[in-house]
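[1] Here's my sequence, what's the structure:
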Amino acid sequence: MAHPLLGAVAAGHIRTAEAAVSMLREGGNAFDAALAGLFASCVAEPVLASLGGGGFLLAHPEHRAPILFDFFAHTPRKKRSQQEQDFVPILADFGTAQQQFHIGLGSIAVPGVIRGAFSIHRALCHLPMRDIVEPAIAAAREGVFINALQHYIATIVAPILRSNPAALALHESRSRRGELAAEGEEIRYPELAAVLEALAHEGEDLFYRGDLAERMARDSLDGGGHLSAADLACYQAELREPLALSYRGARITTNPPPALGGALIGLALALLEPQPIGCHNAGTTRHLSVLAKAMGLIQRLRRERGIDRDLDARAAEALLGPEQLKAYHAALDSGPASTRGTTQISVADRAGNLASLTLSNGEGSGYVLPGTGIMLNNMLGEEDINPGGLHAWTPDRRLASMMAPTVVAATDGRRIALGSGGSNRIRSAILQVIVNLLDLGEPLETAVEAARIHLEDDILNLEAGFAEAVLQELRSLFPRQRLWPARNLFFGGAHSVQVDALGHCSGRGDSRRGGVCLLV
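    Numbers count the residues shown, from 1 in each chain. Next up is the predicted model:
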């Protein structure tokens, strides 16, 4: 239901959402709340979020231009030879699908979460950092109960969590040593609590220039990684102008280059704009085949044009130019087109501020910074963001993320903040929520929870919920299919909030990733 009071928070865990809500109750704004959620998610969602990862905040302050804070992972300045690297393959098992990742010190890119958090705080927040961090400190000290989703995610990446004693200790059962904590068990993180408290008092240099930075650099040098003290000291959060799009009369802002996800969503929307998708087409073969063809075409363009490696503002403009779109539309009409660990926090406040924050640690490298409880990322070990090859990354550059925090301003006065986790499925999850909202006229709750599809490598993945007759018709267009028996985190987690024309807030946490929505 809509609610006229302080705001709405949608996130992937109740403790994450509660931390954000507590800031709204204390008089903070949407950005105070989003930061509190960020820190709490590193405690409550430890596989998906970490202070050793990276992310983005799309901030829509009321009566001010939107701004994008880019604090995603950055490649180190020097690359070691493959023979020197600690770089180990592991297989994540989703049950219905499997995906290979690489971990170890050689998989770690320069982390940006802490620098980003302090940059956001200086620019947009009202409350002191110690107040914002306090809910996360309390959760880490008091303990967090493992819910069903967190346990499931832990089993998927169990090879990483079992890769060394320090990694296992963060997720280990207190009653069954050597085993991952089961659903319902409580885990405490005293070292992480102490680090959070120190950061709140001493600031970000503790991590990027102090003793912690020295230990990271020394372990990396000794153990086969790329990180150096200079990499950490020179890391900066970047402020960017969001990518502005239009679709069905709505105004959409999303993550700009060098990130990939926003531009690819923009391309998909441009492809779909001339297509007659209306409420009468919901769930039909026409509706799903057009979506799937657009997804397939985008994947092909990514590979053929090399935009995974080199997307800047000019390239994005060319990608979305009228001549290119004309050619893309012809390809779309010609016939069938041949998890990462990420969490989303969306906040709306009664002043009209909107925050969409997407945070990722990859799957985690297995390396835990000693004495901190912080597992660092494995962004250099992810094929999805290193499509040119796992060892082909360019030194001293932002990695090209698929994360795409987004705000939609609909023609009826609603403004919706959304985003998603899910690696390559991020763009398809956000795209389908937008289509559900603007083409099919679905309310936010239905738009988020509706069954999804995802086409990749000519395989059409379909969640349960589509009519059998439609599935039969789709097989003639997309013979390679993978049917998922239920909603699954493979298809993302589009936690979303909205403010209507009267200032009423509402939202929906995506059930695929343990989503909750709290109104306050």
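[2] From now on I want contacts and neighbour counts done on CA atoms only, so please keep to that.
    Will do.
[3] which parts of stretch 194-205 are buried?
    194-197, 199-200, 203-205 (16 or more other CA atoms under 10 Å).
[4] Show me where the stretch 301-450 of the chain dips below the pLDDT cut-off.
    Scanning the stretch 301-450 of the chain for pLDDT under 70 picks out the ranges 301-340, 387.
[5] Can you give the distance from whichever strand or helix holds Met23 to the centre of its chain?
    Assigned by DSSP states H and E, Met23 belongs to helix 14-25. Computed by CA atoms, centre = their mean, to the nearest Å, the separation of helix 14-25 from the middle of its chain amounts to 19 Å.
[6] after that helix, next one along is what?
    helix 30-44.
[7] need the contact list for the most centrally placed residue in the chain.
    In the chain, the residue lying closest to the centroid (CA atoms, centre = their mean) is Gly421, at 3.6 Å. The neighbours of Gly421, taking CA atoms under 8 Å, 6 or more residues apart in numbering as the test, are 339-344, 358, 360, 403, 492-494.
[8] burial of Asn461, as a residue count?
    21 (other CA atoms under 10 Å).
[9] ranges for the helices of the stretch 251-400 of the chain?
    In the stretch 251-400 of the chain, the segments counted as helices under DSSP state H, counting those that start in this stretch are 261-272, 285-305, 313-319, 322-333.
[10] just checking, which of the buried residues of stretch 194-205 belong to helices?
    Among those, the residues falling in helices (DSSP state H) are 194-197, 199-200, 205.
[11] quick check, nearest of those residues to Gly352?
    Comparing those against Gly352 with CA to CA places Ala200 closest, at 27.5 Å.
[12] what's the spacing between that closest one and Val133?
    Remark: distance between Ala200 and Val133 (CA to CA, to the nearest Å) = 7 Å.
[13] try Arg188
    Applying CA to CA, the value for Arg188 to Val133 is 16 Å.
[14] The two: who's more crowded?
    Using other CA under 10 Å, the more surrounded residue of Arg188 and Val133 is Val133, with 23 against 19.
[15] Okay, and the more buried one sits in which element?
    Per DSSP H and E: helix 129-142 holds Val133.
[16] List the buried residues for that helix?
    For helix 129-142, the neighbour count (16+ other CA under 10 Å) marks 129, 131-141 as buried.
[17] which of the residues you listed lies closest to Ala501?
    Taking CA to CA as the measure, Ile132 is the one of the buried residues of helix 129-142 closest to Ala501, at 29.3 Å.
[18] Contacts only, for that closest one.
    Ile132 touches 23, 32-33, 35-36, counting by CA under 8 Å, 6+ apart.
[19] repeat that with 10 Å
    19-20, 22-23, 28, 32-40, 121, 125-126, 200 (CA atoms under 10 Å, 6 or more residues apart in numbering).
[20] Could you measure from it over to Gly441?
    37 Å.
[21] what does Leu51 give?
    Distance, Leu51 to Gly441, using CA to CA: 38 Å.
[22] ok so, going back, among the buried residues of stretch 194-205, which one sits closest to Asp349?
    Ala200 (24.1 Å).
[23] Touching, that closest one and Asp131? I think so.
    Yes. With contacts counted by CA atoms under 10 Å, Ala200 reaches Asp131, the gap being 8.6 Å.
[24] thinking again about what came up before, for the buried residues of helix 129-142, which one is nearest Tyr247?
    Nearest member of the buried residues of helix 129-142 to Tyr247, counting by CA to CA, is Ile132, at 36.1 Å.
[25] gap between that closest one and Ala200?
    9 Å.
[26] Confirm that Leu68 sits in a strand.
    Yes. Counting by DSSP: H, G, I helix; E, B strand; the rest coil, Leu68 is found in a strand.
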